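1. The following block contains a protein sequence and its predicted model.
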Amino acid sequence: MLEGQVSNVTLNLMATLAGNARLAETPKIVDSYVQLMKAKRGEVEATIISADPLTKAQTEAVAAAMKNQVGEGKTVILSTQVDPSILGGLQVQIGDQFLDLSVGSKIDALSRTTILNQKKVQRKEHNNRNYSIDFV
C-alpha cells in the first residue's frame, strides 16, 4: 500500500506498529524522532512569553542573549507568545530550562513573603502572651 511512497525503514516501522496494535503511538514516535533530529543538528527550541507583543528589536535582543546561553554551534529556534496575565517582563523557556522574569511572579513572591511574615509575627505575639491561671 505504501510501497514506493516511503522508505523501507518507514514501511517496516509502520508494519511493526500495526502488527503490535500500536499505530496510535505514531504521533509520540514522530515527536521523539523530531526531538532527536533537532538535537543532532544542534537546534534548541526557545519560547519567549511576554505580556505584550515584542518588537523586532526586542526579539532580536532576547535571541542574542539566548544564543550566549545555549553555547556555540547551536541554533536557537525561537517562538514568541503573548500572555497578558504575566503583567510585564518575560518568561523564557530554553529546552527544559524555565526562567520567570515576569512582574506577575514577582508580585506572587512578595505576596507569599508578606503572608509568611505576618504568620510569624502572629505566632510570636501569641507565644509572648502572659497567661495567668487563677486557682480557686
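-> Perfect, thanks for sending it.
2. Where does the prediction get shaky in this protein?
-> Judged by pLDDT under 70, the chain has its weakly predicted residues at 1-3, 121-136.
3. Which neighbouring elements make contact with the biggest helix by length in the chain?
-> Of all the elements of type helix in the chain, the one with the most residues (DSSP state H) is helix 103-127. Identification of packing neighbours for helix 103-127 by 3 or more Cβ pairs under 8 Å, 6 or more residues apart in numbering; DSSP states H and E yields strand 89-94. Heads up, the C-betas are built off the backbone N, CA and C, glycines and all.
4. ok, the strand it packs on: who's next to it in the sheet?
-> The strands that strand 89-94 pairs with in its sheet are strand 43-50 (antiparallel), strand 97-102 (antiparallel) (by DSSP bridges).
5. For my notes, please list those strands in JSON lines and give mean neighbour count for each entry.
-> Below are the strands paired with strand 89-94 laid out as JSON lines (neighbours: other Cβ atoms under 10 Å):
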{"stretch": "strand 43-50", "mean neighbour count": "18"}
{"stretch": "strand 97-102", "mean neighbour count": "14"}
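6. In a markdown table: those, plus distance to residue 27.
-> A markdown table is the format used below for the strands paired with strand 89-94 (distance: least, Cβ to Cβ, whole Å):
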| stretch | distance to residue 27 |
| --- | --- |
| strand 43-50 | 18 |
| strand 97-102 | 24 |
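7. of all these, which lies closest to residue 87?
-> Comparing the strands paired with strand 89-94 against residue 87 with Cβ to Cβ, the closest turns out to be strand 97-102 (6.6 Å).
8. ok, whatever helix or strand residue 80 lives in: who's next to it in the sheet?
-> Secondary-structure assignment from DSSP states H and E places residue 80 in strand 75-82. Strand 75-82 sits in its sheet next to strand 43-50 (parallel), going by DSSP bridges.
9. Show me what the strand it pairs with is in contact with.
-> Taking Cβ atoms under 8 Å, 6 or more residues apart in numbering as the criterion, the residues outside strand 43-50 that touch it are 38, 54, 59, 62-63, 66, 70, 74-83, 86, 89-95, 102.
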